[in-house]
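**Student:** Sharing a model prediction with you, sequence too.
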Amino acid sequence: MKMHQALGQGKNLFTGYGEGHVLINAERHEGNLIVTPDSVQPWGVDDFSSLAESHFNMLLDLQPEVVLFGSGASLRFFHPRLMAALVNAGIGVDVMDTQAACRTFNILMAEDRRVVAAILAI
């Protein structure tokens, strides 16, 4: 699916998504990703079942205001202990399917929020 580009010139914006990939500023990225308004990097997690506290703790270095977890094609919730460090640091964590995380990221980024998307491929 393609998404329309809105605000956020010079920042990362999800412009589409499909099976196994997302488009960021019309550039295709495959696999699991950590996306901020200024960077895109691979997320070293194999799949949903292999999520560990360390996968979320590493997000603390990015100093987000909110983390959007895109759980793939369907909404799946992980054990709350995995995000304990984020919650204890006062960082909001929202869990949604990857498509919703992409759309929500664009909205929060356009509002100049310090948002991080932790995306599992669809």
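**Tutor:** Yep, it's here.

**Student:** can you give me the helices for the protein?
**Tutor:** 53-57, 84-88, 98-110 (DSSP state H).

**Student:** Would you mind giving the ones you listed as a markdown table with distance to Q41, mean pLDDT and mean neighbour count added?
**Tutor:** Placement of C-beta: from N, CA and C, glycine included. What follows is those, written out as a markdown table (distance: least, Cβ to Cβ, whole Å; pLDDT from 0 to 100; neighbours: other Cβ atoms under 10 Å):
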| stretch | distance to Q41 | mean pLDDT | mean neighbour count |
| --- | --- | --- | --- |
| helix 53-57 | 13 | 97 | 16 |
| helix 84-88 | 18 | 97 | 15 |
| helix 98-110 | 15 | 97 | 20 |
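
**Student:** Can you report how many residues lie near the nearest residue to E53 once chain neighbours are set aside?
**Tutor:** Of all residues not flanking E53 in the chain, L82 sits nearest, at 5.4 Å (Cβ to Cβ, 6 or more residues apart in numbering). Per other Cβ atoms under 10 Å, the neighbour tally for L82 reads 18.

**Student:** check contacts around L82.
**Tutor:** Listed by Cβ atoms under 8 Å, 6 or more residues apart in numbering, the contact set of L82 reads L51, A52, E53, H55, F56.

**Student:** which of those lies closest to R76?
**Tutor:** Proximity of the contacts of L82 to R76 (Cβ to Cβ) peaks at L51, which lies at 9.7 Å.

**Student:** Now do the contacts for that closest one.
**Tutor:** Applying Cβ under 8 Å, 6+ apart, the residues near L51 are V45, F78, L82.

**Student:** quick check, nearest of these to A100?
**Tutor:** F78 (16.0 Å).

**Student:** so how far is A117 from E65?
**Tutor:** 13 Å (Cβ to Cβ, to the nearest Å).

**Student:** Those two: who's more crowded?
**Tutor:** A117 (30 against 13).
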